[in-house]
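Q: Got a predicted structure plus its sequence, pasted below:
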Amino acid sequence: MSHEKVSPLHLMLRAIVYLRQSSAGQVKNNVEGKERQRKMVERPVELGWSHDQVSLLGNDTGNSGSSLHGRDDYQRMFEAVMAGEVGIICALELSRLVRENQDWIQLVRICRYKGVLLADAHRVYEPSDAQDRIVLGIQGAFNEFELAMICERMIEARIQKAGRGELYEALPPGYICRCHPLYEKHPDERVQRAIQKVFDEFERGPSCLSMYDRLIEEGFKLPVVPHGRDWRDVEWVRPRYQRLLAMLKNPAYAGIYAWGRTRTFTELDEDGHAVKKRQRVPRDEWEFFIEGHHAPYIDKATWEKNEQKVAANANMNGNMNKRSPQNGKSVLAGLLRCRRCGHRLHAAYSSGKVRYTCRGGARQRLSPSKTCFAFTATRIEEQFIHQLLDVLSPAGIEAAREAARQLAQRHSQRRQLLLDRLEECQEKEARAAREYKSTDATYTSVRRKLGEEWNEAIRAVEAQQTRLETFDKEQPGLPTVEQQSQLDTLGEELERLWYHPKASGSLKKRVVGTLVEEIIVDVDEQEDEVILLIHWAGGHHTELREPRRRRKPRSSPGDLKATMDTLRKVLPDAAIACVLNREKILTDKGETWTARKVQNFRKTHDIEIFSQSRKDKERWLTQAEAATTLKISPMSVTRLVQEGILPADQPNSGLPAVIQAKDLNLSEVEKAVKGIKLPLPQHPDQLNLFDTTNS
């Protein structure tokens, strides 16, 4: 049956039937709607086209009609129209070919000049006819308006539901939603312990990345319930870094319902296609923030600290931050700020030494050839470390005991997670055994498969038991009395620990970042000195000065024989060679010292060898030994010697001093020691280095 608007010229060309479904969910669920559109292939046949001339374009189903981007069949149809190969375009609803009215008007305009007809299930339209063109235009405008109204109603409904705290697309790991509109903690205690471990590990470590590395090393598994599955069907998966980071920043774990954390907007890409993007919204712009919405894993204060800690570690998002350990050996990286321009100082390493340069002033003056100042930080950093150790010394033993307590707590937590994994494996083994035993023996192939699964579950149980036994053997719980005594001794010798070759550089920087808020740097041009103003976390300030230029290496002192005779009282030959080389005191030939050279020098000048029994008999002490006896830091003993309060035989200011034990009982020494041991002033904002809640 032909139509009055269909001409023989139209019938010589192709007929296209275009299918439209906007999402994958519609393709999967709206099966009848898809079949209705497919039946439109009969429409051009009714109008006079043969079946061979009809092309069905259905590859664009599942793609949104809000943009032409990604709709290949639509582009091919448009190109065929432009080439004059199409006589008619059919669709169940013509206006649904595109969502934007502008794109619809463009399609009608092209069809008008190319003589292409448009047809739906009820009518044939000729775009060159003014009456039909008006109807098509009204359909496009009404379709766009209807879509906008539907979206507006849906958005308002979502906002109303979010205001009650009942709108959520996906639940964070560790939470489920049963019959109640609000979600709750997963009732499985194994799941709760695993989620809690993530937050506990983050408090102990410096960053999310270090926590991720530790969890992967331990073989930690994160419990998740796949979307659309029953809440009892928990999967234990290897954690991903981005998922752990999202957990730390999610307020849901603090019992807070937050909606509006992200915003969706549409913009045009380089090709002019509309694409949707999401961006994070500042916290003060979130639409709903309901505290006490559900049972939390952590409190609100801990969540806020976690957010601050994550933001402080994000160096790529801005300037260096003091709480994020920087690469390199310098403990001052990220702390130094220029007093002149206010910018952070840039650190550069060369031959094991760090040089700081302020480039901020150059940017302000628009002159790349100039900087505020630059200096080498080797000597000034040593002076800063001495100041730091003086602050830390009173808390050394407390830190050792706190470390032992945390190790025991972590051991208990790791063992409990291994027990949880063993219990899970035993449940799977029991379930596999029940399935095997309940299957009729006549089903041979089925029982064979179930038997393999049962055997695999048994092997998993045995492997987990082996891991638990190995852990109990290799990972002791509480330290023994001897180990605790060693820890207490190490706590008293923080300086030796700090300079130990195996001491962690990142841990040193975390300690510095906890105690120091910021360091303001300037250079005294007249005195040629670097000035550091240390802003401690508790509100106190300390000023340090150090010559800007490197000092030339010192040669041998005037009376090397007397120096050697003094040092041999408390040090063996190898140690004497080390301290002389450290102070850049050379031999008579201008060479560095070795133990053999020290031995030859002693023999030549008839100097006795070091003797421990003689040292004990004469009660000769080094600064470190005197500090242990007085229960103060070695740096404080050095200051007492330099100020003349404590008598000592010290041939050079940088060399070890020989102290008589009896001189420690002098009244002026006891008075000075009491002044040193006075407790530090407390400040309400002072951070506690050993309080895990501040980590």
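A: Looks like it came in fine.

Q: Buried residues in the host helix or strand of A194, which are they?
A: According to DSSP states H and E, A194 maps onto helix 189-204. By neighbour count with 16 or more other C-beta atoms under 10 Å, helix 189-204 contains the buried residues 190-195, 197-203. Bear in mind the C-beta positions are built from the backbone N, C-alpha and C, glycine included.

Q: In this structure A141 contacts N101, no?
A: Yes. The pair A141 and N101 qualifies as a contact (C-beta atoms under 8 Å) at a distance of 5.6 Å.

Q: of these two, who's got more company?
A: Between A141 and N101, counted using other C-beta atoms under 10 Å, N101 has the larger neighbour count: 18 against 14.

Q: Show the contacting residues for the more buried one.
A: 140-141, 143-144 (C-beta atoms under 8 Å, 6 or more residues apart in numbering).

Q: quick one: it and K276, what's the gap?
A: 19 Å (C-beta to C-beta, to the nearest Å).

Q: now swap in V461 and tell me
A: On the measure of C-beta to C-beta, V461 and K276 end up 48 Å apart.

Q: which one of these two has more residues nearby?
A: Neighbours were counted for V461 and for K276 using other C-beta under 10 Å; V461 has more, 18 against 11.

Q: For T266, grab the count of nearby residues.
A: Around T266 there are 10 residues (other C-beta under 10 Å).

Q: so when I look at it, I'm seeing a strand, right?
A: Yes. Assessed with DSSP: H, G, I helix; E, B strand; the rest coil, T266 lies in a strand.

Q: and stretch 342-354, how far from the chain's centre?
A: Using C-alpha atoms, centre = their mean, to the nearest Å, the mean C-alpha position of stretch 342-354 is found 24 Å from that of the whole chain.

Q: Run through the residues that contact R190.
A: With C-beta under 8 Å, 6+ apart, R190 has these contacts: 223, 420, 423-424.

Q: And these, which two are furthest apart?
A: For the contacts of R190, the farthest-apart pair by C-beta to C-beta is P223 and E423; their separation is 12.9 Å.

Q: Dump the buried residues of helix 189-204 to a markdown table, plus distance to C90 and pLDDT.
A: Below are these laid out as a markdown table (distance: C-beta to C-beta, whole Å; pLDDT from 0 to 100):
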| residue | distance to C90 | pLDDT |
| --- | --- | --- |
| R190 | 58 | 86 |
| V191 | 54 | 88 |
| Q192 | 58 | 89 |
| R193 | 61 | 89 |
| A194 | 57 | 89 |
| I195 | 55 | 91 |
| K197 | 61 | 90 |
| V198 | 56 | 91 |
| F199 | 59 | 92 |
| D200 | 64 | 88 |
| E201 | 62 | 86 |
| F202 | 60 | 89 |
| E203 | 64 | 85 |
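
Q: what's the closest of these to Q416?
A: R193 (6.1 Å).

Q: measure the closest one to L94 for me?
A: 59 Å.

Q: So between P223 and E423, which is more surrounded?
A: P223 (20 against 13).

Q: Please, which helix or strand holds that one?
A: strand 222-224.

Q: Could you pull up the residues touching G255?
A: 291-296, 300.

Q: Let's see which of the residues you listed end up in helices.
A: K300 (DSSP state H).

Q: need the contacts of G255 in CSV with distance to E583, pLDDT and neighbour count, can you?
A: Formatted as CSV, the contacts of G255 follow (distance: C-beta to C-beta, whole Å; pLDDT from 0 to 100; neighbours: other C-beta atoms under 10 Å):
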residue, distance to E583, pLDDT, neighbour count
E291, 61, 89, 12
G292, 64, 87, 11
H293, 65, 88, 19
H294, 64, 88, 19
A295, 63, 88, 12
P296, 58, 91, 18
K300, 54, 91, 14
